[in-house]
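J.: Structure of the sequence below:
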Amino acid sequence: MFAVRRCQWIVLTVTLLLGGGRLPLFGQGTTGITVPDGFTVEIAAASPLVQHPLMAGFDDRGRLYVAESAGLNLDAAELLTQKPNYIRRLEDTDGDGKFDHTTIFADQMTFPSGALWHQGALYVASPPHIWRLEDTDDDGVADRREAIVGKFGFVGNAADIHGCFLGPNGRLYWCDGRHGHEFVDEQGQVRSQGKAARIFSCRLDGSDIESHCGGGMDNPVEVDFSAEGEMLGSVNLFYEKRGDCLVHWLYGGVYPRRDQEAMIAEFRRSGDLLPPVLDLGHVAVSGMTRYRGNQWGDAYRGNVFQTEFNTHKVMRITLAREGATYRAVAEEFWTHPSPDCHPTDVLQDADGSLLVIDTGGWFRNGCPTSQIAKPEILGTIYRIRRNETVHHDDPRGLLIDWPVISISRLVELLDDPRPPVAGRAIAAVAARGDEAVGALATALDPSSSLAVRRHAIWALTRINSPAACAAVRVALADPDPAARLTAVASVSTTRDAGAVDRLLELVQADEPPVRREAATALGRIGDRRAAPALLEAARRQVDRALDHAIVYALIELNDPAATAAGLADSDAQVRRTALVALDQMEAGNLSSDAVMAALDTSDADLERAALEILKRRPQLAEGIDGRIGQWLTEQEASDSRQATARGALLGFLRESELQKAIAGWLSADLPRWSQRVLLEAIARSDLERLPEVWRKPLAQRLADGDEEQQSLALAAAAPHPELFHGELQAVVDRQAAPADTRLAAAAALARDKPALAPSAFATLMDALADTSPPLTRLQAAEALGAAELDARQLAQLVAKIEHLGALELPAALRAFAKRPVPQLGDQLVAALAHAPGLPSLGARRLEEALREYPAEVQQAAQRLVATSATSPAESQARLNAALAELAPGSAERGRQIFFGAQAACSACHSVAGEGSNIGPDLSKIASIRTRRDLLEAVTLPSASFARGFESYAVATADGQVFTGVLRRESPEAIWLRLADRSEVRLPRAEIEEMSPATQSIMPEGLLKTMTPAQRSDLVAFLESLK
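T.: So this is what the prediction gives:
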């Protein structure tokens, strides 16, 4: 904790009055904003009052604390050095709903993302710490700062820590993005560390830090709580292919992304990764709030309002209970017409109105829309009112004499319809400690309203004394399941051992949410008597949320003897529960016999759980080859059995005994599904060397298998052409074979060291024809670029160069670097001058390709590039000119261009399931991108990276540098998708440096290959994708 030196400008305040009149506010305005009938929108604050607001929160007096950006896009090191951002305090001095007075409450902040006022202090997440800020002399400036939790990693792209948020149990919560944390105690000992995203909580002084849940997701942003204490939150990049979601964050839960294996490995898992409540698509969710009170009517009570940065919207989300969790329906509530409006937060004022925070156009670090920062587009705070609002006098309770109010009056205020008053009453009565327990216990009588009972439980939770805990136990028998759920959440928070007997009953027989929370409480309390009851609870109807709570509770109990009893149960669900818990608990000591026995089942869930354990713990897989052999001999197999067999094969392909068994199965007369699964597993494996025992049976399938078997055998053999040279050449020469099969065989041969035979070379050259599909042309170009071509073949390829487009030219050009032929240099440069794809090359690629050619050839090539290269200013001018040129186009013709041979967009992108998944799915791209954004993405692909598709440059120990998109990670390796669409596995032990790249793998210059009419049609098609 330290005192803050006050810079002169900090203590200046601004009151927007001039000659008795109000100064004008300069924001984006309300024109064109749409809201439902019966609602209105007004500006509550804009410039000069605020510049770039981010997130905000009210204090008890109605003053608004705004985390604000200075409008600069800086990385972590720059933020730590400059600390340009700040917390602003706004006041509405005349109560008209428009703020008119401002003070800089705290300057010198890195990137503040949240503002929670509680008990006289402001709690703010600003990396690398969680801060407690106090204004001890009430002059509007924080003069005491205390870093209560840290440190957290960050990079400056806003995907780091956000908060804080007050739980009804009185604890602080915050979100941490996937940039890591490390907590060190006063003795310098590391108490917690990790790289995964998490939701944390702690006491108000920063002690008792708990990880509530976590996973591979990129950026959890905000959380809020149901009246019963359940946590809901907004999160971005929940899935590998985007997915910005509303999630019910369960205690101990582990969530996607599945491609972030190293992150997920940091947690003990209850089974499959947990799903969201609602997937909103690629919208960049940001702030959220749960609506409290009755000011807008009962239809709005408990609704979640969530802002979307990309779409300029606030969504209204209606929740309904479904089993032990929720289902949700979203609808547009507030929409701004400007593409430069970027909502980052929404919060409820005491009068029931909503404030929407629009940060303006400054942000671009990791921004999912345009990468052009527009700090001149200032932010605005909007207010949404409902015409028919229930009005309450003194909505914040400012006329209440809080310091001297009696306990009995505080208990009465627990039923107050004004949410800020009831919330303040909870905190105030809790502050009275045991003195208030008697009155609060009386309030728990079922004759009291449900609101009073819930609020009394939360007050007792915060008191957390023996007497308070005893009072809460009574509520475990409340006739209303909502009150019981609240009481169970309370004893879970306090870990009240005295509640165990009642919890053992509730976990087996109550409403699903109560059972879920009872299981959670039993795990947190840690009384091992709970294990049999939890196993019994698993027998009864459970959904994934309840299943998670039961399994995770057993994991926390860490009682292997009691849990192992479930392995012998007749119910498959009980056996799966016990199996997963034993696998994950610290003292589980799971045996091979137990896991292998679990495979003797017709229950798909149990079978899948056992297989997942075996793949992670192969030392337990003794006899797995025999079990797989049994499956493969079954004449008929369900989809789940086929998936299990395929997964088992993939999981244990490195085991020598299984490799020998596979060789036998490949030669055996097995059912057709078994043959297909065997070949699929081999084709999908990442073995560096193909087992020698597989060569002969695979060669036989290549020679005389039917069309399906040949195709699968080819996929299995292609990564190992040195073992199948003759067989692959025979496929190429087999004129009756399908064209794509012959091309795949020729492409495989191109990776082998011997020179390409004339027929294989001709097959690849034919595939470069303009009439070939984009992916076919690219496959051929990649193969030719990888091949060891002789001088004659290179001369023939030179003749093709002048016809190659932006997609295939960079790949094909690599052939000339592999075997330089100096006498072809002039012809190559001449061909490049006419190539449609020349603008996609860039100086660096051309330099790499011609490094061994004569200096005059290199100079001529660089002059070529210079004539097609443009400066950033020229690029923007060209973009503006292209934008002005756009005419009304045909979406149907644009679709043909998208999936056609020239632009070849579908080689990397998909629409409605058609196309490739290398780049982002564009099925709804027009709902989040403007016309200019769409044209910029085509014109200047390196100016903008969609989140989750950023390029990285990776330097390895052998001196190579790979640039591509990070596809997935594991504790042992990463996988990059390169510009030529190939995927490379890089062991972490061999990586020397990994850093963000500035060059997209999407080729530059696509715009230049199209006529103005074609550009208009393509943009028309993209604009139709909503």
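
J.: Now the element after the helix or strand where residue 714 lies, going C-ward?
T.: Taking DSSP states H and E as the definition, residue 714 sits inside helix 707-717. Moving toward the C-terminus from helix 707-717, the first helix or strand encountered (DSSP H and E) is helix 725-733.

J.: name the helices or strands packed onto the following helix or strand past that next one?
T.: Downstream of helix 725-733, the first helix or strand assigned by DSSP H and E is helix 739-750. If you count contacts as 3 or more CB pairs under 8 Å, 6 or more residues apart in numbering; DSSP states H and E, helix 739-750 packs onto helix 707-717, helix 725-733, helix 758-767, helix 774-786. For every residue, glycine as well, the C-beta is placed using N, CA and C.

J.: can you map out the helices along the stretch 751-900 of the chain?
T.: Per DSSP state H, counting those that start in this stretch, the stretch 751-900 of the chain has helices spanning 758-767, 774-786, 791-801, 809-818, 825-834, 842-849, 855-868, 872-885, 891-899. These are given in chain order.

J.: Among those, which comes closest to residue 578?
T.: Go through the helices of the stretch 751-900 of the chain one by one with CB to CB and the one that ends up closest to residue 578 is helix 774-786, at 47.7 Å.

J.: and the angle for the closest one with helix 739-750?
T.: With axes from the mean of the first three to the mean of the last three CA atoms, to 10 degrees applied, the angle from helix 774-786 to helix 739-750 works out at 20 degrees.

J.: could you check the angle helix 809-818 makes with helix 774-786?
T.: Helix 774-786 and helix 809-818 meet at an angle of 10 degrees, taking the same axes, to 10 degrees as the criterion.

J.: and the helices and strands packed on helix 739-750, which is most packed in?
T.: Of all the helices and strands packed on helix 739-750, helix 774-786 has the most neighbours on average by mean count of other CB atoms under 10 Å, namely a mean of 23.

J.: Output stretch 423-435 as CSV - backbone C-alpha positions only.
T.: Taking only C-alpha atoms (Å, rounded to 0.1, in the frame of the first residue of the first chain), the coordinates of stretch 423-435 have been written out as CSV:
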residue,chain,number,x,y,z
GLY,A,423,-27.7,-5.0,-1.5
ARG,A,424,-26.4,-2.3,0.9
ALA,A,425,-28.6,-3.7,3.6
ILE,A,426,-27.0,-7.2,3.2
ALA,A,427,-23.5,-5.7,3.6
ALA,A,428,-24.6,-3.5,6.5
VAL,A,429,-26.3,-6.2,8.5
ALA,A,430,-23.4,-8.6,7.8
ALA,A,431,-21.0,-6.0,9.2
ARG,A,432,-22.9,-6.3,12.6
GLY,A,433,-21.6,-9.8,13.0
ASP,A,434,-23.0,-12.2,15.5
GLU,A,435,-25.1,-9.4,16.9
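
J.: what about that stretch, average pLDDT?
T.: Mean pLDDT, computed over stretch 423-435, is 98.

J.: So which of the helices of the stretch 751-900 of the chain is nearest residue 34?
T.: Distances from residue 34 to each of the helices of the stretch 751-900 of the chain were compared using CB to CB; the minimum, 24.5 Å, belongs to helix 891-899.

J.: in the closest one, what counts as buried?
T.: The neighbour-count check on helix 891-899 (16 or more other CB atoms under 10 Å) flags 891, 893-895, 897-899 as buried.

J.: do the same with stretch 746-758
T.: The neighbour-count check on stretch 746-758 (16+ other CB under 10 Å) flags 746-752, 755-757 as buried.

J.: returning to that earlier point: would you format the helices and strands packed on helix 739-750 as JSON lines with mean pLDDT included?
T.: Shown next, in JSON lines, are these (pLDDT from 0 to 100):
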{"stretch": "helix 707-717", "mean pLDDT": "87"}
{"stretch": "helix 725-733", "mean pLDDT": "92"}
{"stretch": "helix 758-767", "mean pLDDT": "94"}
{"stretch": "helix 774-786", "mean pLDDT": "84"}
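
J.: Mind putting these into a markdown table with distance to residue 154?
T.: Formatted as a markdown table, the helices and strands packed on helix 739-750 follow (distance: least, CB to CB, whole Å):
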| stretch | distance to residue 154 |
| --- | --- |
| helix 707-717 | 43 |
| helix 725-733 | 50 |
| helix 758-767 | 47 |
| helix 774-786 | 38 |
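
J.: Show me the one of these that comes nearest residue 913.
T.: When the helices and strands packed on helix 739-750 are ranked by proximity to residue 913, the top entry is helix 774-786, at 15.5 Å, counting by CB to CB.

J.: List every C-alpha atom in that closest one, with coordinates, as CSV.
T.: Output of helix 774-786 as CSV, limited to C-alpha atoms (Å, rounded to 0.1, in the frame of the first residue of the first chain):
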residue,chain,number,x,y,z
PRO,A,774,-8.6,-23.9,-56.5
LEU,A,775,-7.6,-26.6,-54.0
THR,A,776,-6.4,-28.9,-56.9
ARG,A,777,-4.2,-26.1,-58.3
LEU,A,778,-2.8,-25.4,-54.8
GLN,A,779,-2.1,-29.1,-54.2
ALA,A,780,-0.3,-29.3,-57.4
ALA,A,781,1.7,-26.1,-56.8
GLU,A,782,2.7,-27.3,-53.3
ALA,A,783,3.9,-30.6,-54.7
LEU,A,784,5.9,-29.0,-57.5
GLY,A,785,7.4,-26.6,-55.0
ALA,A,786,8.5,-29.4,-52.8
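
J.: Please report the distance of the residue positioned nearest the centre of the chain from residue 221.
T.: Nearest to the centroid of the C-alpha atoms of the chain, with distances taken as CA atoms, centre = their mean, sits residue 237, at 2.0 Å. With distances taken as CB to CB, to the nearest Å, residue 237 is found 11 Å from residue 221.

J.: just residue 360 next, same as before
T.: Separation of residue 360 from residue 221 (CB to CB) stands at 18 Å.

J.: Residue 245 too?
T.: Computed as CB to CB, the residue 245 to residue 221 distance reads 11 Å.

J.: which residues do these two both contact?
T.: Both residue 245 and residue 221 are in contact with 234-235, 285, where contact means CB atoms under 8 Å, 6 or more residues apart in numbering.
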